[in-house]
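What follows is a predicted structure for the sequence shown.
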Amino acid sequence: MTIGEAVQQRIITLCEERNISVNKLCTISGVTQSTVNNIVSGRNNSTTVATIQKLCDGLGITIDEFFHCALFHHIEQEIK
């Protein structure tokens, strides 16, 4: 799994756990709908840490909690 795929899945899972839509996440985090849609659709594989922090703020979690997930344990190496 790539880092982009892991971030994508983590956002989707967190929204499902909180019973909110991706569009609602955009509203509460202040991240544009196009940015979040590009992340969750896999069109954006290089999300910035600042964007992830804003999403975490909207979700009410820390960035540590975001990355403290099994999805991030075995990320493929980006440079081969």
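Nice, I can see it.

so where is the chain shaky, pLDDT-wise?
Counting by pLDDT under 70, the chain has low-confidence residues at 80.

For it, just list every one of the helices.
3-17, 22-29, 33-41, 49-59, 63-67 (DSSP state H).

now for these, which one comes closest to residue 78?
The closest of those to residue 78 is helix 3-17. By Cβ to Cβ, the value is 7.0 Å. Any C-beta I mention is one placed from the backbone N, CA and C, and that applies to glycine too.

and the closest one with helix 33-41, angle?
100 degrees (axes from the mean of the first three to the mean of the last three Cα atoms, to 10 degrees).

For the residue nearest to residue 57 when sequence neighbours are not counted, grab the count of nearby residues.
Spatial nearest neighbour of residue 57, excluding adjacent residues (Cβ to Cβ, 6 or more residues apart in numbering): residue 29 at 6.1 Å. Residue 29: 19 surrounding residues under other Cβ atoms under 10 Å.

what about the helices of the chain, which gets the closest to residue 77?
Comparing the helices of the chain under Cβ to Cβ, the one sitting nearest is helix 3-17, at 10.0 Å.

so the residue nearest to residue 57 sits right up against residue 55, yeah?
Yes - at 5.0 Å, residue 29 counts as touching residue 55 under the criterion of Cβ atoms under 8 Å.
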